[in-house]
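Engineer: Would you be able to build a 3D model of this:
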Amino acid sequence: MLAAAAVCPCPPLLVPEVAAGAAPELDAVRAACADALGVLAAARPDLLLVIGPAEQSGRGVFPQGSRGTFRGYGVGIDVHLGATGRPAGGRAGEGTGGERELPGSLAVGAWLLERYGWAGAPVEALGVGEPLETERCVATGRELAGRAARVAMLVMGDASACRTLKAPGYLDERAAPFDAEAARALGTADLAAIRELDAGLAHRLKVSGRAPWQVLAGAAEHADLAGELLHEGAPYGVCYLVATWS
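Structural biologist: Prediction:
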């Protein structure tokens, strides 16, 4: 059953070396993510699942030890999923991960765990395709919640990328209302509202978090968790949300 969850954004700019001179602009987001990971640790889960959006090649399950990299951004930084612990589920021979590289969102998740010293439960990750239908997202979450007696989730994903003229998706007047409702739903653990997020509109607004959030909603169906919104902001025209459920 789901014991706790943290919702964090997944821009590579969270990594200070990638952001370079702009790194201080996301200090508040990094601090909120650190607080959110503290909630996960306090829940003492038996298994931590990192869920994030992924392109076709990055979809599916990644075992503990799987490698991600930020070398494509000009910095020599590699990460390994849950590097300090034993393989998730205790399966021998998976501690160094498989051949597939973590997609960007999960690499950011692995970086957060390394930066803030995750040393608790074993870790696995799941890359979710952005087009995945709501019902399949919810069904996946239900299945994941049954993986252990106490499951925690680190759910990666951004809200809209259309908040300003210079945003990656240009300005769209629908973005701010969408983000406000997503922030409210995540901050109150409103499962029905999260399930009702419009997948088509989310795609048009370049929302990467819709499918992972709906996976979380499925996992939390019988958990009776309370939500708290730790951060909401839209630097660079992209909305970043940090929330906890416990």
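Engineer: How about the residue nearest the centre of the chain: what's its closest non-neighbour residue?
Structural biologist: Here the mean C-alpha position of the chain is nearest to the C-alpha of Met156 (CA atoms, centre = their mean), at a distance of 1.1 Å. Nearest residue to Met156, sequence neighbours excluded (CB to CB, 6 or more residues apart in numbering): Gly52, at 3.6 Å. Bear in mind the C-beta positions are built from the backbone N, C-alpha and C, glycine included.
Engineer: how about the host helix or strand of the one you found: buried residues?
Structural biologist: Using DSSP states H and E, the element containing Gly52 is strand 47-54. The neighbour-count check on strand 47-54 (16 or more other CB atoms under 10 Å) flags 47-54 as buried.
Engineer: From the contact counts, what lies against it?
Structural biologist: helix 104-115, strand 123-129, strand 151-156, helix 210-219 (3 or more CB pairs under 8 Å, 6 or more residues apart in numbering; DSSP states H and E).
Engineer: repeat that with 10 Å
Structural biologist: strand 2-8, helix 27-42, strand 60-62, helix 104-115, strand 123-129, helix 134-145, strand 151-156, helix 210-219 (3 or more CB pairs under 10 Å, 6 or more residues apart in numbering; DSSP states H and E).
Engineer: so how far is that strand off the chain centroid?
Structural biologist: Mean C-alpha position of strand 47-54 versus that of the full chain (CA atoms, centre = their mean, to the nearest Å) differs by 6 Å.
Engineer: mean confidence score for it?
Structural biologist: Mean per-residue pLDDT for strand 47-54: 98.
Engineer: The closest residue to Arg147 other than its chain neighbours pairs with what?
Structural biologist: In this structure, Arg147 finds its nearest non-sequential neighbour in Leu47, 5.6 Å apart by CB to CB, 6+ apart. Assessed by DSSP bridges, Leu47 has beta-bridge partners Val151.
Engineer: Poorly predicted segments of the protein, please.
Structural biologist: Along the chain, segments meeting pLDDT under 70 span 84-98.
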